[in-house]
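> model the following, please.
(one chain, ligands or ions: 1)
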Amino acid sequence: MADETPWEAGRFDAGSGRKKILFGRMYEDAAIEESVFPTGSHVFCIASAGCTAIKLAPHHTVTAVDINPLQLTYAARRAAGGAAQIGSAERLVGIGRRLMALFGWRRRTLETFLDLERPDEQIAFWSRNLDTTGFRLAIDTLLSLRWLRSVYAAPFLQILPPQFGRVMRRRLERCWRTHPNRTNPYARALLLGDLSEGARPTRSKEIRFVCADAAAFLESCAPGTFDGFTLSNILDGAPEGYRRRLVAAVQRAGKRDAVVVLRSFAEPEDESTDNQATRDRSVLWGIVDVRPVANLFELRQFGPPAHEHFS
Ligand SMILES: C[S@@+](CC[C@H](N)C(=O)[O-])C[C@H]1O[C@@H](n2cnc3c(N)ncnc32)[C@H](O)[C@@H]1O
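Got it, this is the predicted structure:
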């Protein structure tokens, strides 16, 4: 349907089998959320693996929502101190890591790289030891439409830019050029598959976990309930009708000065000042849009493009 999201299936592929835990941890730098939501905010959060909700809970009132019941139960378990578990995303990235190992990436080299803290040294080390012809070939193949189609349902691929492998290589370099590796848990998670840093429950207020579609849940809340929203990349793959419905629901459920954080794998269309993707240490994002709820209607870029342009 025009306003239903493909995330409802609880799996990446187009199959109709059972839902899965998709994310064992989150690949979203919650330091951005920590910096934009004033202390004491009531925050609506997509639960995913729980990392962002757990990071925000000590200083905010957090409602964490997920459409996938397995993912929501997992996030709640982690918030209660439960162990991390590998999800579909980690399995897929694990295939990539094994391929990189065949092309010469060694754990010791990666650990040396991850121990660096000066961006100039990081870029030099990357160029010399890791950005090899084999690596480029492997990542461009793994992120090609042909391979991704065998793993992901079509809607998830529509927003990806052409030559996604090359785009992702640029995003990796952007991260090494900007953030010290030594203090970057997201770089460790991506390059070594380290799940441990994702979320450490601290003594904090209870997080309210709700299994629901984000738009439907927000439509059921009193107007002006939330001071902040962090929506992960739930609009990647969602149809235009769902985007419009979510924007309306967020505007209604948000206070007048609420702030919204929304990520996307898409490439930005222009150099918007709302785009804080460079600040996000988790490497992956083309867009980390941070804007006041009042300007949300200007969001054009998060729907699928008029035609499929991915290659
Ligand atoms: C969008 S995915 C992306 C995960 C992210 N990249 C990360 O690093 O964790 C995060 C979660 O959003 C949930 N989700 C997607 N669309 C949703 C919706 N419309 N309402 C509620 N949850 C949704 C998925 O089930 C998934 O657990």
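
> show me the shaky parts of this structure.
Flagging of the chain using pLDDT under 70 yields the residue ranges 1-2, 197-205, 299-311.

> which residues touch the residue in it sticking out farthest from the centre?
Farthest-out residue of the chain from its mean C-alpha position, per CA atoms, centre = their mean: residue 128, at 29.0 Å. When contacts are counted by CB atoms under 8 Å, 6 or more residues apart in numbering, residue 128 is found next to no other residue. For glycine as for every other residue, the C-beta is placed from the backbone atoms N, C-alpha and C.

> that one should be in a helix, yeah?
Yes - under DSSP: H, G, I helix; E, B strand; the rest coil, residue 128 sits within a helix.

> and it, how close does it get to the ligand?
With the distance defined as CB to the nearest ligand atom, to the nearest Å, residue 128 ends up 30 Å from the ligand.

> what's the burial count for the closest residue to residue 10 other than its chain neighbours?
In space, and not counting its chain neighbours, residue 10 is closest to residue 19: 2.7 Å by CB to CB, 6 or more residues apart in numbering. As a burial measure, residue 19 scores 14 neighbours (other CB atoms under 10 Å).

> wouldn't residue 19 be in contact with residue 66 here?
No - under the criterion of CB atoms under 8 Å, residue 19 lies out of contact with residue 66, with a separation of 10.8 Å.

> pretty sure residue 179 sits against residue 283.
No - under the criterion of CB under 8 Å, residue 179 lies out of contact with residue 283, with a separation of 9.1 Å.

> shared neighbours of these two, anything?
Common contacts of residue 179 and residue 283 (CB under 8 Å, 6+ apart): residue 187.

> what lines up beside the lengthiest strand in the chain in the sheet?
Ordering each strand of the chain by length in residues (DSSP state E) puts strand 254-264 first. In the sheet containing strand 254-264, the strands it pairs with under DSSP bridges are strand 226-230 (parallel), strand 287-292 (antiparallel).

> name the residues of the longest one that are buried.
When you say that, I think you mean strand 287-292. 287, 288, 289, 290, 291 (16 or more other CB atoms under 10 Å).

> quick one, helices of the chain?
Listed from the start of the chain, the chain has helices (DSSP state H) covering 30-36, 51-56, 69-79, 88-102, 107-114, 119-125, 133-142, 145-149, 154-157, 164-178, 185-192, 214-219, 240-253.

> next, see if the shortest one gets close to the ligand.
I take that to be helix 154-157. No - judged by CB under 6 Å from any ligand atom, helix 154-157 and the ligand are separated, with a smallest distance of 9.6 Å.

> hang on, the earlier thing: how about JSON lines for the strands paired with strand 254-264, with distance to residue 279 added?
Formatted as JSON lines, those follow (distance: least, CB to CB, whole Å):
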{"stretch": "strand 226-230", "distance to residue 279": "14"}
{"stretch": "strand 287-292", "distance to residue 279": "7"}
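
> tabulate these (CSV), appending distance to the ligand.
Output for these, formatted as CSV (distance: least, CB to the nearest ligand atom, whole Å):
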stretch, distance to the ligand
strand 226-230, 11
strand 287-292, 11
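
> for the ones you listed, which one sits closest to residue 164?
Distances from residue 164 to each of the strands paired with strand 254-264 were compared by CB to CB, and the smallest falls on strand 287-292, at 14.3 Å.

> which residue is the nearest non-sequential neighbour of residue 221?
In space, not counting the residues next to it along the chain, residue 221 is nearest to residue 253; the distance is 4.6 Å by CB to CB, 6+ apart.

> and that neighbour, how far from the ligand?
Spatial separation of residue 253 from the ligand under the definition CB to the nearest ligand atom is 13 Å.

> and for that residue, the neighbour number?
With neighbours defined by other CB under 10 Å, the count for residue 253 comes to 23.

> these two touch, right, it and residue 44?
Yes - the pair formed by residue 253 and residue 44 meets the contact definition of CB under 8 Å, at 7.1 Å.
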